[in-house]
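In: this one's sequence-less:
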């Protein structure tokens, strides 16, 4: 990959202000280094935070994103900034999880994408949210997410 492939990036290697919200966060992409090969990219965010839209109290989740790129891969600094932009954003668990998935699908047009939102209890009940874009392609090795379900005191 040449330096030209990174010409449009505005965040990588630059000091950047934390986005105020997911709506203002800029996700960026770079060319897939192995187009035509079905490999899985995994991002794990074990300390994801957002706010309850009703009470304003913080919510915590372990987010796992798996995808098989087509022409693009997400630039990781922009993804980190996007995920942390939820910190002061009020939305239900389902909305946060699906917003992440929808933005990535729109940006990347991946062959396949799966997201697992493993949320810690709110009101005594954990709410886990899962979505995938469809069945993975034949022959693709998709590792399990292996995030343990919430067990409380166990």
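Out: That came through fine. What you see is a predicted model, and the numbers here were worked out from it, not measured in a lab.

In: tell me which helix or strand comes right after the lengthiest helix in the chain.
Out: Secondary structure of the chain per DSSP state H: the longest helix is helix 93-108. Following helix 93-108 in sequence order, the next helix or strand is strand 112-119 (DSSP states H and E).

In: paired strands for the helix or strand following that following strand, with orientation please.
Out: Along the chain past strand 112-119, the next helix or strand (assigned with DSSP H and E) turns out to be strand 128-132. Each strand that pairs with strand 128-132, with its direction, by DSSP bridges: strand 112-119 (antiparallel).

In: just the residues contacting the strand it pairs with, thanks.
Out: The contact list for strand 112-119, computed with CB atoms under 8 Å, 6 or more residues apart in numbering, reads 48, 59-68, 93, 96-97, 100-101, 104-105, 126-137, 140, 142, 145, 147, 149-150. To be clear about C-beta, it is placed using only N, CA and C from the backbone, and glycine gets the same treatment.

In: out of those, which end up buried?
Out: Buried members of the contacts of strand 112-119, counted by 16 or more other CB atoms under 10 Å: 48, 59, 61-68, 93, 96-97, 100-101, 104, 126-127, 129, 131, 133, 136, 142, 145, 147.

In: how far off centre is the longest helix of the chain?
Out: Helix 93-108 sits 7 Å away from the centroid of its parent chain (CA atoms, centre = their mean, to the nearest Å).

In: same deal with stretch 12-29?
Out: 14 Å.

In: what about it, how long is it end to end?
Out: 11 Å (CA to CA, to the nearest Å).

In: in it, what's buried?
Out: So, applying 16+ other CB under 10 Å, buried residues of stretch 12-29: 19, 22, 25, 27-29.

In: quick check: mean pLDDT of that stretch?
Out: For stretch 12-29, the mean per-residue pLDDT is 93.

In: which residues sit against that stretch?
Out: Stretch 12-29 has contacts (CB under 8 Å, 6+ apart) with 6, 8-11, 72-75, 77-79, 81-82, 84-86, 88-89, 99, 103-104, 107-108.

In: which among the residues you listed end up buried?
Out: 9, 11, 72-75, 78-79, 81-82, 84-86, 89, 99, 103-104, 107-108.
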